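Peer 1: Return atomic coordinates for the entry below.
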Amino acid sequence: MSLIKLNIKGISYSQTQNGAYALILSEEFGNRKLPIVIGAFEAQSIAIALEKEIMPPRPLTHDLFKTFAERYNIVVIQVIIHKLLDGVFYSSIICEREGIEEIIDARTSDAIALALRFNAPIFTYKNILEKAGINSDSEAKSEDFSKKEDLIIEDLLTRKESIPITPKEDYSSYTLKNLNKMLEEAVTNEEYEKAVSIRDEISKRQ
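Peer 2: So this is what the prediction gives:
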């Protein structure tokens, strides 16, 4: 069965459910997107790896793993999302050490957080993309489709149980100067979820 390469499109979060995040992957030579529900910590770790400007004062767990792996000459070659069962994605990390390849089972969110740090490609199988992907063949640039896509992802996120409903903080009223100061303080205090939200607001204005 042939593999389909995926790229990271971004991270979406629920407008109503605090702590609910979806990692959005898109096929490299196509229009389908694959949303995967992930935890808050993993969302922060992936967002920080994507946001090169946010530098944690101490290494996160995935950064520590990368340092540990490099110390022992272990390289992550690729990540494969190989199974979808009852709404849960299963992934494998393909590693290599001194010419010997190893396959390690991992949560998809952890696997992708590591793939980012090793600049390793991410793949899945055609049947998984057909089953769980959002197809945007004819409407990719339409505003109606964009709203429909957002609703699909929001519905996916709100299926998570036992998540308290709390509003996310609105940073739109702050000046850029204040936002940059708040970003620096959030990173120093290791409040990475807050840091990513502030960075998103700063990016909107640039």
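Peer 1: For the nearest residue to R205 once chain neighbours are set aside, what are phi and psi?
Peer 2: The spatially closest residue to R205, leaving aside those adjacent along the chain, is L176, at 6.3 Å (C-beta to C-beta, 6 or more residues apart in numbering). Every C-beta, even on glycine, is put in place using the N, C-alpha and C of the backbone. When read as degrees, to the nearest 10, the backbone of L176 gives phi -60, psi -40.
Peer 1: Any stretches of the chain with poor pLDDT?
Peer 2: Along the chain, the parts satisfying pLDDT under 70 run over 1, 14-20, 52-54, 136-168, 190, 192-193, 206.
Peer 1: again, only using 50
Peer 2: By pLDDT under 50, the low-scoring segments of the chain are 16, 138-145, 160-167.
Peer 1: does the residue nearest to R205 really touch I202, like I thought?
Peer 2: Yes: L176 lies in contact with I202 (C-beta atoms under 8 Å); the separation is 6.7 Å.
Peer 1: Quick check on those two: which one has the bigger neighbour count.
Peer 2: Each of L176 and I202 has its neighbours counted (other C-beta atoms under 10 Å); I202 has more, 17 against 11.
Peer 1: where's the more buried one, which helix or strand?
Peer 2: Using DSSP states H and E, I202 sits in helix 192-204.
Peer 1: list the buried ones in that helix?
Peer 2: By 16 or more other C-beta atoms under 10 Å, the buried positions in helix 192-204 come out as 192-199, 201-202.
Peer 1: Dump those into JSON lines; add distance to V37 as well.
Peer 2: Below are these laid out as JSON lines (distance: C-beta to C-beta, whole Å):
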{"residue": "Y192", "distance to V37": "19"}
{"residue": "E193", "distance to V37": "16"}
{"residue": "K194", "distance to V37": "21"}
{"residue": "A195", "distance to V37": "22"}
{"residue": "V196", "distance to V37": "17"}
{"residue": "S197", "distance to V37": "19"}
{"residue": "I198", "distance to V37": "24"}
{"residue": "R199", "distance to V37": "22"}
{"residue": "E201", "distance to V37": "24"}
{"residue": "I202", "distance to V37": "26"}
